[in-house]
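Asker: let me see the structure of the following:
(one chain, ligands or ions: 1)
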Amino acid sequence: MADTLTITDNRTGTQYEVSIAAGAIRATDLKQIKAGPDDKGLVTYDPAFLNTAACRSRITYIDGDAGILRYRGYPIEQLAEDSDFLETAYLILFGELPTQTAQEDWVRQVTLHTMLHENIKRFMEGFLYDAHPMGIFLSTVGALSTFYPDAKNIFDADSRRTQTLRLIAKVPSIAAYAYRHSIGRPYVYPDNDLSFTGNFLNMLFKMTELKYQPHPVLERALDVLFILHADHEQNCSTSAMRVIGSSHGDPYSALTGAAAALYGPLHGGANEAVLRMLQEIGSVGQVPSFMTKIKKGEGRLMGFGHRVYKSYDPRAKIIKQIADLVFSVTGKNPLLEIALELERIALEDDYFVSRRLYPNVDFYSGLIYQAMGFPLDMFPVLFAIPRTAGWIAQWEEMLLDSEQKISRPRQIYDGEAARDYVPMSKRQG
Ligand code: CMC
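Answerer: Take a look at the predicted model:
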């Protein structure tokens, strides 16, 4: 017998049978139930999507209670240990780990697309010197749609593949140019002899040397950070990507919206906000009074809490290990002691324990980025580069899902009933 849910309308005694499949009922099945004679059918009310699945997905699995994160079934811990970012991006995008030949071809293709059109450089020169790099980044990604009008062919698999390569390859170049612009240094062209992250470090930090040599520990650390940030199922920015993409625009425009969603301090801007918070606290001695303020509801402990993780974020665990490696090269970030003290108190304090608030991916990542020489306002951009892989994979999955249509939530109207227009001369107040 199929799993069903029986709903009884207590007002009339009418019973309704609603199917349960994959742990869900279909919201449209509730339409058959009327709240009143003129009602068009019951809707579910779920502000901020606390309990609504908007898609079926085969990409990323999270068990927030158990602290589990897997891409295409592979545990994040194994990928962080054994994979590299481009291989993980391939896995997320195409569903399987690549064979040797497929990996070589993928890396070669991405490498071929790292250059930016010279007009993009000129376009970026128009930003003020102190423009936030994330603002430059998302505007430039949006501008790419004007350079690649073929991207509108979203139902052409070859075109989608080309835009995927362009996006994965060009986001580090855009990010690096945004950074160089903000510090008034000339843009550095990609070096195709280097790895994905090695080349990114080259475009950011190369000075007058003939060839930039990335430090292998920092290059690997950044690669692991990119693996950890590559996808995270239906979060705010990914939902933005899917919703915008559902109107069948091009992927550059959709990705601009996703990056804009990521920019906010409650999402990908949290890594920057954590560092600003640590700087504001200033010393370990100030931690108790800062925590008292948080518990009174005066602000949030940035880098703590998560909508789905109600235990330690598995990414934060890995990042803590990488931090030690990076600090062995760069020297310890002086703000680390403050972060460790905040974490120590939070893990014991009833306010945080009872609300199941644990460090998330952003709590320690900023300390690493800062030790590696990135300015604070580059942090959200560093999140956007790897997340591009997840956004594209989720966008394509949405496009090819026969159940998906243009996204269009319902509302509960709380406004005025119908009334007649009042001429200006008769308005009060
Ligand atoms: N500091 C203090 N209290 C908090 C925090 C925090 N960081 N996060 C949640 N709470 C409290 C909140 O005040 C509420 O308490 P009460 O029940 O007394 O009103 C309770 O915990 C539940 O919070 P919520 O706002 O209902 O939780 P949410 O699922 O809507 O928000 C969150 C999730 C990540 C936006 C939130 O935890 C937060 O603002 N954290 C700080 C920002 C941050 O680190 N964001 C990065 C998230 S991980 C990277 C990513 O994927 O974006």
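Asker: any low-confidence regions in this protein?
Answerer: Scanning the chain for pLDDT under 70 picks out the ranges 1.
Asker: for M134, give me its contacts.
Answerer: Residues in contact with M134 (C-beta atoms under 8 Å, 6 or more residues apart in numbering) are 178, 259, 263, 269, 377, 380-381, 384. Any C-beta I mention is one placed from the backbone N, CA and C, and that applies to glycine too.
Asker: element containing it?
Answerer: helix 133-147 (DSSP states H and E).
Asker: list the buried residues of that helix.
Answerer: Of the residues in helix 133-147, 133-145, 147 count as buried by neighbour count, 16 or more other C-beta atoms under 10 Å.
Asker: out of the contacts of M134, which are inside helices?
Answerer: Applying DSSP state H to these, the entries found in helices are 178, 259, 263, 380-381, 384.
Asker: tell me where this protein has strands.
Answerer: 4-8, 15-19, 60-63, 68-71, 74-75 (DSSP state E).
Asker: start to end distance for stretch 38-47?
Answerer: 24 Å (C-alpha to C-alpha, to the nearest Å).
Asker: which positions within that stretch qualify as buried?
Answerer: Quick answer for stretch 38-47 (16+ other C-beta under 10 Å): 42-43.
Asker: list of residues touching that stretch?
Answerer: 27, 30-35, 52, 410, 412.
Asker: can you say which of those are buried?
Answerer: Among the contacts of stretch 38-47, those classed as buried by 16+ other C-beta under 10 Å are A27.
Asker: between the contacts of stretch 38-47, which sits nearest the ligand?
Answerer: Checking these against the ligand with C-beta to the nearest ligand atom, the nearest one is T52 at 13.8 Å.
Asker: A27 is in contact with the closest one, correct?
Answerer: Yes. Using C-beta atoms under 8 Å, T52 makes contact with A27 at a distance of 7.4 Å.
Asker: what about the residue of the chain found nearest the ligand, neighbour count?
Answerer: Closest to the ligand within the chain is G305: 2.4 Å, counting by C-beta to the nearest ligand atom. Counted by other C-beta atoms under 10 Å, the residues lying close to G305 total 20.
Asker: show me the contacts for it.
Answerer: Here G305 is in contact with 355, 357-358, 360 (criterion: C-beta under 8 Å, 6+ apart).
Asker: before we move on, what about I183?
Answerer: P375.
Asker: gap between it and F374?
Answerer: Separation of I183 from F374 (C-beta to C-beta, to the nearest Å) stands at 11 Å.
Asker: so how do I select the buried members of the contacts of G305 in ChimeraX?
Answerer: The buried residues among those can be selected in ChimeraX (16+ other C-beta under 10 Å) with this line:
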select :357,358,360
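Asker: can you tell me which two in the contacts of G305 are farthest apart?
Answerer: R355 and N360 (13.3 Å; C-beta to C-beta).
Asker: returning to that earlier point: can you add neighbour count and give the contacts of M134 back as JSON lines?
Answerer: JSON lines is the format used below for the contacts of M134 (neighbours: other C-beta atoms under 10 Å):
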{"residue": "A178", "neighbour count": "25"}
{"residue": "A259", "neighbour count": "29"}
{"residue": "Y263", "neighbour count": "21"}
{"residue": "G269", "neighbour count": "20"}
{"residue": "D377", "neighbour count": "19"}
{"residue": "P380", "neighbour count": "27"}
{"residue": "V381", "neighbour count": "28"}
{"residue": "A384", "neighbour count": "26"}
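Asker: now for those residues, which pair is the farthest apart?
Answerer: Once C-beta to C-beta is applied, the contacts of M134 give A178 and G269 as the farthest pair, at 15.1 Å.
Asker: so which bits of the stretch 301-429 of the chain are right by the ligand?
Answerer: Counting by C-beta under 6 Å from any ligand atom, the positions of the stretch 301-429 of the chain adjacent to the ligand are 301-307, 355, 357, 360-362.
Asker: closest to M241 among those residues?
Answerer: R307 (17.0 Å).
Asker: now that closest one: how far from L222?
Answerer: With C-beta to C-beta as the criterion, R307 and L222 are 26 Å apart.
Asker: between these two, who's got more neighbours?
Answerer: A count of neighbours by other C-beta under 10 Å puts L222 above the other of R307 and L222, at 27 against 14.
Asker: may I ask you to confirm that the more buried one is in contact with N202?
Answerer: No. At 11.9 Å, L222 does not count as touching N202 under the criterion of C-beta under 8 Å.
Asker: ok, now which ones touch L30?
Answerer: Residues counted as contacts of L30 (C-beta under 8 Å, 6+ apart) are 18, 41-44.
Asker: if you set the cut-off to 6 Å instead, what comes out?
Answerer: L30 makes contact with L42, according to C-beta atoms under 6 Å, 6 or more residues apart in numbering.
Asker: check the gap between it and D38 for me.
Answerer: 17 Å.
Asker: what do you get for T44?
Answerer: 19 Å.
Asker: helices of the stretch 1-150 of the chain, start to end?
Answerer: 76-82, 85-94, 100-112, 118-125, 133-147 (DSSP state H, counting those that start in this stretch).
Asker: dump the ones you listed into TSV; add distance to V326 as well.
Answerer: Converted to TSV, the helices of the stretch 1-150 of the chain look like this (distance: least, C-beta to C-beta, whole Å):
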stretch	distance to V326
helix 76-82	14
helix 85-94	16
helix 100-112	24
helix 118-125	29
helix 133-147	21
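Asker: if we can go back for a sec, what about the helix holding M134 and the ligand, touching?
Answerer: No. Counting by C-beta under 6 Å from any ligand atom, the ligand has no neighbours in helix 133-147; the shortest distance is 13.7 Å.
Asker: what do you get for stretch 219-226?
Answerer: No. Residues of stretch 219-226 are not located near the ligand by C-beta under 6 Å from any ligand atom, the shortest gap being 12.8 Å.
Asker: which residues touch that stretch?
Answerer: 80, 84-85, 197-198, 322, 325-326, 386.
Asker: again, but for stretch 264-275
Answerer: Stretch 264-275 has contacts (C-beta under 6 Å, 6+ apart) with 236, 262-263, 302-303, 362-363, 365-366, 376, 379-380, 383.
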